[in-house]
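Asker: sequence first, predicted model second:
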Amino acid sequence: MSTPQSGALSFALACAAPVLFGGQPPNAPTPWMALFDGKSLGQWKQTPFAGRGDVRVSDGVILIGKGRTTGLTWTGEFPRSGYEIRFEAARLDGKDFFAGITFPAGDAYCSWINGGWDGSVVGLSNLDGNDASENDSSTLREFVQGRWYAFRLKVTQHRIQGWIDNEPVIDIALAGRQPGLPFGEADLSTPLGFSAYRTLAGLRKLEYRRLAAETTQ
């Protein structure tokens with residue numbers, strides 16, 4: 001025969017079971033996984049843009065050299081949707097975009113440009129055929145030369161969201177919208193890539209995680 005105390009204990013254990021025995025609550029995002037070990041490019045390769053600069057690793061940082069457009073492309077598997085990616089980037093020399101990221105968004109690809117159009121435009125390229133300076137994801141932001149900024153991108157079936165230093169800068173509902181790529185060579189960055197334009201950029205602390213199904217709404 002159970003007592004009130006034993007019933008309360010059974011209820012508490014049942015509530016705690018997903019954490020105690022499963023390692024994390026059900027439907028939680030996966031742990032953050034590194035995309036860069038701080039030592040080598042690993043599964044990244046230099047993107048074969050025309051007029052590109054060099055890409056190399058130095059002191060735990062990926063340096064994207066100062067060419068026309070220079071970048072790196074991920075050669076491993078990557079989800080089409082339901083994920084977050086975070087990284088830190090700095091504009092080390094130059095005055096154009098230094099933290100461009102091309103990413104999958106369901107059946108399409110898109111790019112998030114940071115510091116474009118002479119240094120200050122932040123936005124998605126393209127969205128409904130319009131680049132980051134011309135669509136409703138566009139904002140202006142000052143980027144200090146040599147300062148590291150924390151970026152986070154969240155892509156679900158229904159939204160694209162972006163943060164810089166934990167400040168929301170992009171929040172686009174995808175219903176009725178068409179993400180796309182900004183220029184002719186941008187498809188060389190798919191499925192996932194980083195790029196800079198006429199700018200020396202640094203990248204570090206690249207990580208991603210898959211989202212729980214319930215958070216992709």
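Answerer: Structure received.
Asker: could you tell me which strands sit next to the host helix or strand of Phe194 in the sheet, and their orientation?
Answerer: Under the criterion of DSSP states H and E, Phe194 resides in strand 193-197. If you go by DSSP bridges, strand 193-197 pairs up with strand 69-74 (antiparallel), strand 100-105 (antiparallel).
Asker: Leu192: which of the ones you listed is closest?
Answerer: strand 69-74 (4.0 Å; CB to CB). Using the backbone N, CA and C atoms, a C-beta is placed for each residue, glycine as well.
Asker: who's in contact with the closest one?
Answerer: 35, 41, 43-47, 49, 51-55, 62, 64, 100, 185, 188-198 (CB atoms under 8 Å, 6 or more residues apart in numbering).
Asker: just the residues you listed: which are in helices?
Answerer: Among the contacts of strand 69-74, DSSP state H puts none in helices.
Asker: related to what we said a few turns ago, turn the strands paired with strand 193-197 into a markdown table, columns for mean neighbour count and mean pLDDT.
Answerer: As requested, the strands paired with strand 193-197 are arranged in a markdown table below (neighbours: other CB atoms under 10 Å; pLDDT from 0 to 100):
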| stretch | mean neighbour count | mean pLDDT |
| --- | --- | --- |
| strand 69-74 | 23 | 97 |
| strand 100-105 | 24 | 98 |
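Asker: give the residue spans of this structure that score low on pLDDT.
Answerer: 1-27, 214-217 (pLDDT under 70).
Asker: ok, back up a step: just the buried residues of the very next helix or strand once past the strand holding Phe194, please?
Answerer: Using DSSP H and E, the helix or strand that follows strand 193-197 in sequence is strand 200-210. For strand 200-210, the neighbour count (16 or more other CB atoms under 10 Å) marks Leu200, Ala201, Gly202, Leu203, Arg204, Lys205, Leu206, Tyr208, Arg209 as buried.
Asker: can I get the CA coordinates of the strand holding Phe194 in CSV?
Answerer: Provided in CSV are the C-alpha atoms of strand 193-197 (Å, rounded to 0.1, in the frame of the first residue of the first chain):
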residue,chain,number,x,y,z
GLY,A,193,30.2,29.2,-46.3
PHE,A,194,31.8,32.4,-45.0
SER,A,195,33.1,35.3,-47.1
ALA,A,196,34.6,38.8,-47.0
TYR,A,197,34.8,41.4,-49.7
